[in-house]
Structure formats: C-alpha cells, structure tokens
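Chemist: below is the structure, and that's it, no one-letter string:
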C-alpha cells in the first residue's frame, strides 16, 4: 500500500463547476497535510495546508480533513481553465519531519 | 515572502560531467532544505534532507557518493551530481523550511532544475 494515494485522473470538469480532489494516507501518526499545484514543467506551489479535522477555506479552495478515515480532500469552486494542473497531496509525520507526496491528480478544466 | 531560488534552471551536458545545483532561501533562513527528484509523469521523490552544518540524511536507495549535498549556511544548499549519466536525467527540485519552524510548516519550493545528460 502506498503511503499517500491519489487517483491519477485526469479529472475533467467544465468551467465554473466544482472540482473535487481526494487523497488517502496510510500513516495514522500524520499531523500535517498540504495541497500543492504543479503546472507542467514547473515546481509545486502551495495551495492549502490543513492540520485539524474539518474544513478550511481560502478563496475558491476548501481543504477537508478526516483523520479517522485518513482522508483529505481539496474542493475547487468555480473552476477556471487556469486551474488545469496536477494537484499533489503531501503528508507530513511530525516525527519524521519530511513530506510524502502522492502521485498527483491531473485536473482538466474545459472552457 | 518565503522565496526559494534554484540555479541553474536547465543543464544539458555530456555523460561523465559533474553538475552542481544551488538552492538559496532569499528572504528567510532555512535550517533544513530538501532535495527531490521527479521523473516524467511521476511524483516527487525525496532524495535527501539537508541540515545546515551537518551531514545530509539520504533516503534509502539514494547514493550519497553520487549525489553530494552541502549545506554550509542558513541560506544555501548545493547538490552535486557527480559523473552524471543519462539515467540521472530528471527534474531536480529543492525546498526549504523556515528556520526554527516545526515540521508542520509548509516547505517552499524552488523552480527546479531540468538536467539532461547526453
């Protein structure tokens, strides 16, 4: 079992729709969770961080964390073509102080 | 804030050449920097954790004699790929965490270095 799992996609949504990206992780000791966006040929950029169960909203983005289910998600409202990218879920265990990345979900937003 | 600069952005060189990549934190001090490698259509794989003033910690399967890491100051870490071969061609990305922050603070990434070995 991979430590951090994501559906590779592509996830295709029309412009203006809500895109839902999901991630599961295997280490119950994980404390910190991050979503990064990576455009083709570029390095990742931080979108959201979440540390507590529940929802965290930032503009069009909402991160959701459920530690009991070992599940973290990212919702993108009013999706735009410029949101088309690969979204990487990253999980950190406090003890190890390093990030483990999922393989990423490719999102395609069509005009 | 939290800008990480990585240089060079692209390298094309012959097999057997050694290549040095620099990673600098421009507006903050970074006790810890991380080096990742990403092959096409794959996720980031951590190669090593670079700690200022001490030896780097390498991930399993990463050859420390091939990938030399130096973290001599709080703002600079370097990765040297020694005697590079075509299989070392990849996208190398560094990241840094603000000095003094606990591990739940996000890492900030450089723009990456695309290394192509002919």
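Modeler: Here it is on my side, so go on. Predicted model only: the values in this text are computed from it and were never measured. Residues are numbered from 1 along each chain as shown, chains lettered A, B, ... in the order given.
Chemist: which residue packs closest to the residue nearest to the spatial centre of chain B, ignoring adjacent ones?
Modeler: In chain B, the C-alpha nearest the mean C-alpha coordinate belongs to residue B:35, at 3.3 Å (CA atoms, centre = their mean). Counting by CB to CB, 6 or more residues apart in numbering or on different chains, residue B:47 is the residue found nearest to residue B:35 once chain neighbours are left out, at 4.6 Å. Every C-beta, even on glycine, is put in place using the N, C-alpha and C of the backbone.
Chemist: can you confirm that neighbour is in a strand?
Modeler: Yes - Residue B:47 sits within a strand when classified using DSSP: H, G, I helix; E, B strand; the rest coil.
Chemist: how near is the residue nearest to the centre of chain B to chain A?
Modeler: 11 Å (CB to the nearest CB, to the nearest Å).
Chemist: who does that residue form a beta bridge with?
Modeler: residue B:48, residue B:94 (DSSP bridges).
Chemist: okay, now the unreliable bits of chain B?
Modeler: Scanning chain B for pLDDT under 70 picks out the ranges B:1, B:99-104.
Chemist: next to chain B, which bits of chain A? Give me the list.
Modeler: A:31-32, A:34, A:36, A:41-46, A:49, A:51, A:88, A:92, A:94, A:96-104 (CB under 8 Å from any CB of the partner chain).
Chemist: keep only those of these that are in strands.
Modeler: A:31-32, A:34, A:36, A:45-46, A:49, A:88, A:92, A:98-101 (DSSP state E).
Chemist: any chance of a PyMOL selection covering the buried ones in these?
Modeler: Buried residues among those (16 or more other CB atoms under 10 Å in any protein chain shown), as a PyMOL selection:
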select buried, chain A and resi 31+32+34+36+46+49+88+92+98+99+100+101
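Chemist: now for the ones in strands among the residues of chain A next to chain B: which two are most distant?
Modeler: A:31 and A:45 (21.9 Å; CB to CB).
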